[in-house]
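# One predicted model, sequence on top.
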Amino acid sequence: EEVAPWWTWLMFCVVIAFAKFMGPVCQRIGLPLITAYIVSGAICGPYVTGILSKSAHDHLIYIEMFAMAFITTCAGAELIIHELRPVLSSILAQVTAISVFTFGVCTVVTYVIFPPSFMGEMGDSCQFAVAMLVASIGIARSPATALAIVKELRCKGKMTTTLLGITMLSDLYTLLAVTLAKQYTYTACNGTFFDSGKMGVLVFMILVSLLLGVVLGGAYMFLISSTH
């Protein structure tokens, strides 16, 4: 059921207030703040109390986009280059192993052991493609959760740097895997040609993001040094 945008924003403020209230409650029982926020979202979502309906997502899309950009930028800012360099090869090896293992296991589980009911009418190649798409999503990690715990517990050190590096690099692997799996699914299920241009666009966006990060980081460092 469609709701008015003003009502969605009002309920969104209610959810924020509820999450703020739940934070100290979870801390008293030894749980991190991120747990309070997740529980608050689940309770206020469309499948429990329905304070925020499914259509609320369309009205709050800009909040989601800003939040994702802010969270990933903050997570990236926690990665110190001179601390990351000694463990970079270890991070690459671990992320690659985790991603390959997760992708393989999730593909087998989805395609062979517990295939979803909606895949019943699909052909074998289409079912396998959908299983690969599901598996590619399974590679994803949560920068928001990792960053929230690091900030709350004031974590520092080699272990923290390694875990944040794994979390951030896993998202890059997820982008590549989802793009490839999505194009393969279109080819297997609809008979269309594999569109390699999508991968080119993704690689271009990654390179632009890296360049933008270098430029903004350099500008920030210049401003800091000039003020001191």
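Okay, I see it.
# Which secondary structure state is assigned to Tyr47?
Following DSSP: H, G, I helix; E, B strand; the rest coil, the label given to Tyr47 is coil.
# phi, psi of it?
Backbone torsions of Tyr47, given as degrees, to the nearest 10, read phi -100, psi 0.
# before we move on, what about Gly120?
phi -60, psi -40.
# Likewise for Pro46?
According to degrees, to the nearest 10, Pro46 has phi -70, psi -10.
# Just confirm it contacts Leu52, I think it does.
Yes - assessed by Cβ atoms under 8 Å, Pro46 is found in contact with Leu52 at 6.5 Å. (C-beta placed from N, C-alpha, C; glycine too.)
# what about these two, which has more around it?
Leu52 (20 against 13; other Cβ atoms under 10 Å).
# ok, that one to Phe12 distance?
Leu52 sits 7 Å away from Phe12, going by Cβ to Cβ, to the nearest Å.
# Could you point out which residue ranges in this protein have low pLDDT?
Along the chain, the parts satisfying pLDDT under 70 run over 1-2, 228.
# Which parts of it are strands?
Here the chain has no strands by DSSP state E.
# So which residue is smack in the middle of it?
Taking Cα atoms, centre = their mean, the centroid of the chain lies closest to Ser142, which sits 5.0 Å from it.
# Spatially nearest residue to that one (excluding sequence neighbours)?
Leaving aside its chain neighbours, Ser142 sits nearest to Thr167 (7.3 Å; criterion: Cβ to Cβ, 6 or more residues apart in numbering).
# Which residues lie in contact with the one you found in this structure?
75, 141-143, 146 (Cβ atoms under 8 Å, 6 or more residues apart in numbering).
# again, 6 Å this time
By Cβ atoms under 6 Å, 6 or more residues apart in numbering, the residues touching Thr167 are 141, 143, 146.
# how near is Lys158 to Gly165?
10 Å.
# between the two, which one's more packed in?
Neighbour totals were compared for Lys158 and Gly165, and Gly165 leads with 21 against 12 (other Cβ under 10 Å).
# For the more buried one, which non-adjacent residue is spatially closest?
Spatial nearest neighbour of Gly165, excluding adjacent residues (Cβ to Cβ, 6+ apart): Ile91 at 4.2 Å.
# burial of the one you found, as a residue count?
Residues near Ile91, counting by other Cβ under 10 Å: 20.
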